[in-house]
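J.: Need coordinates for the below:
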Amino acid sequence: MLKWGAVITIFYALVVLCFLVPLAAVLASNNVSLLDPYKQWVLWIPIGIVLISQALLLFLSVDTSWRRLKPRAHILVSCSVIAMLLALLTGAAILSLVFVVPGGLNFLGSGGLLGCWAAIWMTWTVVFYLYSRNSSALITRATSWLLKGSVLELLVVVPAHVIVRRRHDCSAPMVTSFGIATGIAIMLLSFGPSVLLLYKKRLDEYARRGPVAK
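T.: As a prediction, this is how the structure comes out:
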């Protein structure tokens, strides 16, 4: 489990850094150098979020029963990680809709953007925490939610990107291209934990069955 988790995490990092970042740059502007985005420190924040979240979803062992039989991570850690990813999806979708309306950025402002994202993050954290108290399959369900959420986010962001590109706004395509790259990144992220969790579930079923009687 740990070996394949490391392989999937490394592969995911290469996909994000070598494919999704240049894709977002191309979508934002046709005349931009593919190396320019890597020079922006702001870009490394969402990259770090998705890469660290991928690793945490794969390697964290969560105790939902509150019985500390083994040293395990607190349930709030997983809730915060999942909520952070859903906050990225939700925030990107909201920003894309805002930029469809002319002058939408002036309505939010830079402080409003950070406040909106923080509020979304906290809201999703509370939702997942309340949900996890009565569920022992938090990560399995959460990856399913992330997959569905990323598909829904792309259904919102892609049409918004087409609209703002035709309007020739200066900054709007950068925001919608970030939304598209984020949706694809989290969609791929949800596949990683989901695949390993399917194997783990099957191995656990074999263990419960016990040895086959001869």
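
J.: rounded to a whole number, what's the mean pLDDT of the helix or strand encompassing residue 175?
T.: Under the criterion of DSSP states H and E, residue 175 resides in helix 172-209. The pLDDT scores in helix 172-209 average 77.

J.: Also stretch 80-92?
T.: Averaged across stretch 80-92, the pLDDT comes to 87.

J.: Residues in contact with that stretch: which ones?
T.: 46, 49-50, 52-53, 56-57, 60, 116-117, 120-125, 127-128, 138, 142, 145-146, 149-150, 153, 157, 175, 178-179, 182-183, 186, 189 (CB atoms under 8 Å, 6 or more residues apart in numbering). Placement of C-beta: from N, CA and C, glycine included.

J.: Using ChimeraX, define a selection of the buried residues within those.
T.: Buried subset of those, written as a ChimeraX selection, criterion 16 or more other CB atoms under 10 Å:
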select :46,49,50,53,56,57,116,117,120,121,124,125,128,138,142,145,146,149,150,153,157,175,178,179,182,183,186,189
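
J.: Quick one: name whatever helix or strand follows the least confident helix or strand in the chain by mean pLDDT.
T.: Lowest on mean pLDDT, DSSP states H and E among the helices and strands of the chain sits helix 104-132, with a mean of 73. The helix or strand immediately downstream of helix 104-132 is helix 138-167, counting by DSSP H and E.

J.: Pull out the CA atoms of stretch 37-48 and give them to me as PDB.
T.: C-alpha atoms of stretch 37-48 as PDB (Å, rounded to 0.1, in the frame of the first residue of the first chain):
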ATOM      1  CA  PRO A  37       4.200  30.400 -14.600                       C
ATOM      2  CA  TYR A  38       6.900  28.500 -12.600                       C
ATOM      3  CA  LYS A  39       8.500  31.900 -11.700                       C
ATOM      4  CA  GLN A  40       5.300  33.100  -9.900                       C
ATOM      5  CA  TRP A  41       5.400  32.200  -6.200                       C
ATOM      6  CA  VAL A  42       1.600  32.400  -6.000                       C
ATOM      7  CA  LEU A  43       1.400  29.400  -8.300                       C
ATOM      8  CA  TRP A  44       3.200  27.200  -5.900                       C
ATOM      9  CA  ILE A  45       0.500  27.600  -3.300                       C
ATOM     10  CA  PRO A  46      -2.200  25.600  -5.100                       C
ATOM     11  CA  ILE A  47       0.500  23.200  -6.400                       C
ATOM     12  CA  GLY A  48       1.600  22.500  -2.900                       C
END
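
J.: How far away from the center of its chain is it?
T.: Mean-position distance between stretch 37-48 and its chain equals 15 Å (CA atoms, centre = their mean, to the nearest Å).

J.: Over to stretch 186-197?
T.: Computed by CA atoms, centre = their mean, the chain-centroid distance of stretch 186-197 equals 10 Å.

J.: got a list of contacts for it?
T.: 1, 4-5, 8-9, 12, 15, 50, 53-54, 57-58, 85, 88-89, 139-140, 143-144, 146-147, 149-151, 153-154.

J.: ok, now stretch 141-157?
T.: 57, 78, 82, 85-86, 89-90, 92-93, 96-97, 128, 131, 135, 176, 179-180, 182-184, 186-187, 189-191, 193-194, 197.
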